[in-house]
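> Below is the sequence, then the predicted model.
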Amino acid sequence: MALSVIAVGTRMPGWVEAGVEEYARRMRNELGFSIVEIAMAKRGKNVNIAQCMQREGEAMLAKVSGSDYVVALDVKGKALDTPGLANRLQHIQEQGRQLVLLVGGPDGLDPSCLQRADETWSLSPLTMPHPLVRILLAEQLYRAHSLNKGHPYHRE
């Protein structure tokens with residue numbers, strides 16, 4: 001299974017890149033883990049946020065193929081525990097589809113991304129800075145993958 005994260009935002013701080021790379025390195029050989037960055041639409045005093053989100057959504061969906069299994073990350077999505085996430089990954093892997101996770105910008109995902117998604121997951125009901133979401137997501141994907149492989153990284 002190939003796994004990619006499409007995220008709004010570029011030029012992450014070094015600590016974010018280092019954190020994501022640590023878990024990406026651990027997964028890359030087996031999952032083909034990658035992150036695709038989408039430029040955030042310019043926001044300003046008189047900018048229409050809905051139009052910004054729409055532009056970001058269009059750019060994200062342009063990177064998705066019709067056969068991809070798309071998961072949108074949204075605060076209103078389904079909350080999964082680690083075994084639940086491991087089960088979802090196993091199920092998607094058995095389907096032989098590429099898993100693509102969509103991470104929106106500061107205003108969330110455009111409705112078109114939520115409509116395209118096969119599932120919507122929530123990492124937490126808390127509001128988190130989007131750079132931190134990348135690290136948390138990478139770690140949780142690694143943890144779930146490790147659980148599926150019987151690796152002792154995850155402990156109950």
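Alright, I've got the coordinates. Keep in mind it's a predicted model, so treat the numbers as computed, not measured.

> Where does the residue positioned nearest the centre of the chain sit: helix, strand or coil?
Taking C-alpha atoms, centre = their mean as the criterion, Leu101 is the residue nearest the geometric centre of the chain, at 3.6 Å. Secondary structure for Leu101, judged by DSSP: H, G, I helix; E, B strand; the rest coil, is strand.

> which residues of the chain fall in helices?
For the chain, the helices defined by DSSP state H cover 14-31, 49-61, 82-95, 111-116, 130-149.

> now what about the fourth one, what contacts it?
Contacts of helix 111-116 from elsewhere in the structure, counted by C-beta atoms under 8 Å, 6 or more residues apart in numbering, are 54, 57-58, 60-61, 64, 70, 72, 74, 102, 104, 120. C-beta here means a position set from N, CA and C on the backbone, and glycine is covered the same way.

> what about the top strand by length along the chain, distance to the chain center?
Ranked by residue count under DSSP state E, the longest strand found in the chain is strand 69-79. Centre-to-centre, strand 69-79 and its host chain are 9 Å apart (C-alpha atoms, centre = their mean, to the nearest Å).

> cool, stretch 74-93 as well?
Chain-centre distance of stretch 74-93: 12 Å, with C-alpha atoms, centre = their mean.

> Likewise for stretch 102-118?
Distance, centroid of stretch 102-118 to centroid of chain: 10 Å (C-alpha atoms, centre = their mean).

> avg pLDDT for the longest strand of the chain?
Average pLDDT, strand 69-79: 95.

> Also stretch 89-106?
Averaging pLDDT along stretch 89-106 gives 94.

> if we can go back for a sec, out of the helices of the chain, which gets nearest to Ile6?
Taking C-beta to C-beta as the measure, the helices of the chain were each checked against Ile6, and helix 49-61 came out nearest at 5.0 Å.

> pLDDT at Pro129, what is it?
Looking at Pro129, its pLDDT is 87.

> quick revisit: any of the contacts of helix 111-116 buried? List them.
Among these, those classed as buried by 16 or more other C-beta atoms under 10 Å are 54, 57, 60-61, 64, 70, 72, 74, 102, 104, 120.
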